[in-house]
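J.: Quick check, what structure comes out for this input:
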Amino acid sequence: MTTKQPIGVLFVCLGNICRSPMAEAVFRHMVNQEGLAEKFRIDSAGTGDWHTGKPPHHGTQNILKQYSISFEGMFARQVAADDFAEFDYIIAMDDSNVSNLRKLMKGRETEVIRLLDLVPEAESKEVPDPYYTGNFDETYELVTLGCKALLGHIRREHGDLF
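T.: So this is what the prediction gives:
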């Protein structure tokens, strides 16, 4: 009997302190609530290195606390070349992140999608950066919609694991 590897999901934004750690925490919370933690490897990273080693932005921390979602042990890191081989799903928050990731991929065939590509009813396919907008509530709502859609997408693609 072979053991299946956990499904790797990497959320990516610019600095890895607002959107992608929020998505990581929300998705991990959803997965844990469904008893699926052992089936996933969930992480987040930024395309830039400005915030490496820092915890999530206080605005992200506050909104996650408001919804009783843990961000314990989360620290910003930059996307690494190995990430393209180690993660099954690389989920970007906006077009700029997708563009930066494609430059980093260097010919690898990893699929990169925007989180809101999975939400047909989303008016925009980009999750706005609350570092600049200050609107962490809007970001949380969009991230939650996207994470629900992502979990459904993964269930459909990997039905044999669930």
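
J.: can you list the weak-confidence ranges in the protein?
T.: 1-3 (pLDDT under 70).

J.: Can you check which helix is longest in it?
T.: Criterion DSSP state H: the longest helix present in the chain is helix 136-157.

J.: which helices and strands does that helix pack with?
T.: Judged by 3 or more CB pairs under 8 Å, 6 or more residues apart in numbering; DSSP states H and E, helix 136-157 is in contact with strand 7-13, helix 19-33, helix 58-66, strand 89-92, helix 130-133. Quick note: C-beta positions are derived from backbone N, CA and C, even for glycine.

J.: could you say which helix or strand contains residue 100?
T.: In this assignment (DSSP states H and E), residue 100 forms part of helix 95-105.

J.: Now that helix - C-alpha only, CSV.
T.: C-alpha atoms of helix 95-105 as CSV (Å, rounded to 0.1, in the frame of the first residue of the first chain):
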residue,chain,number,x,y,z
ASP,A,95,-1.7,39.7,-11.7
SER,A,96,1.5,41.2,-10.5
ASN,A,97,2.2,38.2,-8.3
VAL,A,98,1.5,35.9,-11.2
SER,A,99,3.9,37.8,-13.4
ASN,A,100,6.6,37.8,-10.7
LEU,A,101,6.1,34.0,-10.2
ARG,A,102,6.4,33.3,-13.9
LYS,A,103,9.8,35.1,-14.0
LEU,A,104,10.9,33.0,-11.0
MET,A,105,9.7,29.7,-12.5
